[in-house]
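Participant: can't give you the sequence, but here's the structure:
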């Protein structure tokens with residue numbers, strides 16, 4: 001599986017964008033787990049927010065909730081799921097549930113036709129088939145010329 005470039009890799013190649021290619025938001029949509037990317041900078045020093053969405057996370061979360069569930073009826077299932085959710089720290093829920101579900105909604109909003117995809121500036125442009133941000137920026141730059 002293709003892995004999303006981590007923040008360390010982003011910093012190592014010092015990604016920069018020219019003023020004519022100004023980007024304020026890069027969103028990475030994958031079916032892989034990854035770490036949040038943080039920010040990179042434009043040549044003018046302005047930060048570019050990078051958000052990565054693992055669209056397979058909701059399915060894994062549902063699988064986690066149903067693990068150990070015995071079919072004793074709806075009420076017992078509800079108690080089981082509530083207990084499992086209460087065991088999880090809020091940081092887990094934010095990173096592994098809320099953010100991925102937000103990603104699913106954004107992918108539908110952008111009408112993405114396949115994954116992986118990198119979306120620039122809230123849908124201004126989309127690069128399909130890559131998760132390497134540097135490569136996607138180069139492809140986008142060539143398209144804008």
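Facilitator: Right, received. Where do you want to start? Being a predicted model, the structure only gives us computed values, none of them experimental.

Participant: not counting the host helix or strand of residue 77 itself, show me its contacts.
Facilitator: When elements are assigned from DSSP states H and E, residue 77 belongs to helix 74-87. Contact with helix 74-87 is made by 64, 65, 66, 68, 69, 70, 71, 93, as judged by C-beta atoms under 8 Å, 6 or more residues apart in numbering. Bear in mind the C-beta positions are built from the backbone N, C-alpha and C, glycine included.

Participant: farthest-apart pair in these, please.
Facilitator: Farthest-apart pair in the contacts of helix 74-87 is 71 and 93; separation 25.7 Å (C-beta to C-beta).

Participant: ok, the two, which is more surrounded?
Facilitator: Applying other C-beta atoms under 10 Å to residue 71 and residue 93 shows that residue 93 carries more neighbours, namely 13 against 7.

Participant: count the residues that sit near the residue nearest to the more buried one when sequence neighbours are not counted.
Facilitator: Excluding its sequence neighbours, the residue lying closest to residue 93 (C-beta to C-beta, 6 or more residues apart in numbering) is residue 85, at 7.6 Å. Look at residue 85: counted by other C-beta under 10 Å, it has 14 neighbours.

Participant: again, but for residue 59
Facilitator: The tally of other residues near residue 59 (other C-beta under 10 Å) stands at 11.

Participant: hmm, who's touching the helix or strand where residue 26 lies?
Facilitator: For residue 26, the host element (DSSP H and E) is strand 25-30. Contact with strand 25-30 is made by 2, 4, 34, 37, 40, 48-55, 103, 106-107, 112, 115-122, 131, 133, 136, as judged by C-beta under 8 Å, 6+ apart.

Participant: having no further points to raise, I will conclude here.
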